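In: coords please:
(one chain, ligands or ions: 1)
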Amino acid sequence: MLVKKPPMGWNTWNTFGHDINEELIRSSADVFVEAGLRDAGYEYVVIDDCWSKKVRDPQTDRLVPEPEKFPSGMKALSDYIHAKGLKFGMYSCAGQRTCADYPGSFDHEFLDAKTFAEWGVDFLKYDFCYKPTSVDGPTLYRRMGMALRASGRDILFSACNWGSDNVWQWIRSTGAHMYRSTGDINDNPESYRSIARSQLDKLGASAPECFNDVDMLTVGMYGKGLVANGGCSDADYRSQFALWCMFSAPLMLGCDIRKMNEETLKLVTNRELIAIDQDEEARPPMWGHHPWSDKLLVLVKHLANGKYALGFFNMDEKDAEIPAILADYGLPASAGYDVRLHDVFGKEEDKTWREYVRVNVPAHDCRVYTMELVQR
Ligand code: GLA
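Out: Numbers count the residues shown, from 1 in each chain. As a prediction, this is how the structure comes out:
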């Protein structure tokens, strides 16, 4: 299994919760192709919790899809998704039950991994509810890590223990390819801001083959759906998406992609932002604050092509001027270089700066540039 770049796709949970069925999955897979998401790099169509019957098959002990939601079964759905050039993701849980109280994979890890492989599953999100207290968390992720490898199919292992047990220290050793590092996101500014801030000092552990997953995006939800709780503005969605890209985090859409407006589609298919996310070196950003406000954040990230990504994030309630002193990120005045900035949102003209960059950023919004050194 090679997961060299942060996985990109869509997951049912943020908007639909338990209200899922095969028609929703098929029509969303159609949108990947029709709206250009697939061409922009989105690949995984993921069914989250609530897809199975409440009990296992009494004869075989296997998980069984709920026939009312998935009358054609999972193999047919997976064939449909594969025929579109996409990949199929599913969900289970390390405990006895899933978070929404369906059967979990505890003590059934190898059987379930085999079942997923037979259905043509390419991605497994693995949650952490109803864990027996007698077994520690790392052991449970080790088990599914081995079970997936033994399943006979390449299945991306997406661990989801919400950052517990200092997950970044050991998760890579279990074979996981991405790992949720925080509690669940909600569709409001406080939620994505606190998630982003909580990971700034832990991104060094996020690297090719095992990426820090700061949760599914709420971009484009506008306060509708399961995790709505307030909603966000377009400025917030720009900031959220850009933060995830500066982090080289997995980009899993969580809105109803069948109903995306033009602004949302433009943002989530922004080629320059996606290139920052998918940069092959996946370096964590250097970060700094405005001298007198930790709500005004500057991120600078080395890119594989020798350029940099430079992001200014205003997490405050009022507009602000945010400075970045270039010496703080490795470019002292004595170096003899200016920097040339290119706006990834395509709104500003390219501009050259010396020693510092200073930009006006409206409340909740961000400014993101690629930055090139130019000899004076
Ligand atoms: C947990 C996870 C969520 C989602 C739900 C499903 O809360 O963190 O992302 O998968 O379970 O019940």
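In: is the ligand contacted by stretch 131-143?
Out: No: using CB under 6 Å from any ligand atom, stretch 131-143 stays clear of the ligand, with a minimum separation of 12.4 Å. C-beta here means a position set from N, CA and C on the backbone, and glycine is covered the same way.
In: in that stretch, what counts as buried?
Out: By 16 or more other CB atoms under 10 Å, the buried positions in stretch 131-143 come out as 131, 137, 138, 140, 141, 142, 143.
In: other residues contacting that stretch?
Out: With contacts defined as CB atoms under 8 Å, 6 or more residues apart in numbering, stretch 131-143 is touched by 94-96, 106, 109, 126, 128, 159, 161, 164-165, 167, 170-171, 174, 176.
In: check the residues you listed against the ligand, which are close?
Out: Checking those against the ligand by CB under 6 Å from any ligand atom, not one of them is in range.
In: just those: which are in helices?
Out: residue 109 (DSSP state H).
In: for PyMOL, what selects the buried ones among the contacts of stretch 131-143?
Out: Remark: buried members of these, expressed as a PyMOL selection using 16+ other CB under 10 Å:
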select buried, resi 94+95+96+106+109+126+128+159+161+167+170+171+174+176
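In: farthest pair within the contacts of stretch 131-143?
Out: 96 and 170 (22.5 Å; CB to CB).
In: any chance you could map the helices in the chain?
Out: Going by DSSP H, the chain shows helices at 13-16, 22-34, 37-40, 73-83, 109-118, 137-150, 189-199, 234-246, 262-268, 271-277.
In: any idea how far the residue positioned nearest the centre of the chain is from residue 261?
Out: Here the mean C-alpha position of the chain is nearest to the C-alpha of residue 250 (CA atoms, centre = their mean), at a distance of 3.2 Å. As for residue 250, its distance to residue 261 is 23 Å (criterion: CB to CB, to the nearest Å).
In: if we can go back for a sec, which of the contacts of stretch 131-143 fall in strands?
Out: Mapping the contacts of stretch 131-143 onto strands (DSSP state E) picks out 126, 159.
In: wait, which of the contacts of stretch 131-143 is closest to residue 292?
Out: Among these, and counting by CB to CB, the member closest to residue 292 is residue 167, at 33.5 Å.
In: what's that closest one in contact with, if anything?
Out: Counted by CB under 8 Å, 6+ apart, residue 167 has contacts 137, 159, 161, 179, 180, 181.
In: tell me the one of these nearest the ligand?
Out: residue 180 (6.3 Å; CB to the nearest ligand atom).
In: any idea of the pLDDT on that closest one?
Out: Residue 180 carries a pLDDT score of 98 in this model.
In: what does residue 363 give?
Out: 98.
In: shouldn't it be in contact with residue 319?
Out: Yes: look at residue 363 against residue 319 with CB atoms under 8 Å: they come within range, at 5.5 Å.
In: tell me which of the two has more neighbours.
Out: Neighbour comparison, residue 363 and residue 319: the larger count goes to residue 363, with 16 against 12 (by other CB atoms under 10 Å).
In: would you quantify the distance from the more buried one to residue 185?
Out: Taken as CB to CB, the span from residue 363 to residue 185 is 21 Å.
In: close to the ligand, is stretch 203-220?
Out: No: Stretch 203-220 stays clear of the ligand (CB under 6 Å from any ligand atom), getting no nearer than 6.7 Å.
In: give the buried residues for that stretch.
Out: 203, 205-206, 210-220.
In: narrow those to those in strands?
Out: Counting by DSSP E, the buried residues of stretch 203-220 contribute 211, 212, 213 to strands.
In: what parts of the protein come near the ligand?
Out: 13, 48, 49, 98, 99, 100, 127, 160, 162, 184.
In: can you put those residues in a markdown table and add pLDDT and neighbour count?
Out: Converted to a markdown table, the residues of the chain next to the ligand look like this (pLDDT from 0 to 100; neighbours: other CB atoms under 10 Å):
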| residue | pLDDT | neighbour count |
| --- | --- | --- |
| 13 | 98 | 26 |
| 48 | 98 | 26 |
| 49 | 98 | 21 |
| 98 | 98 | 23 |
| 99 | 98 | 19 |
| 100 | 98 | 16 |
| 127 | 98 | 25 |
| 160 | 98 | 26 |
| 162 | 98 | 17 |
| 184 | 98 | 16 |
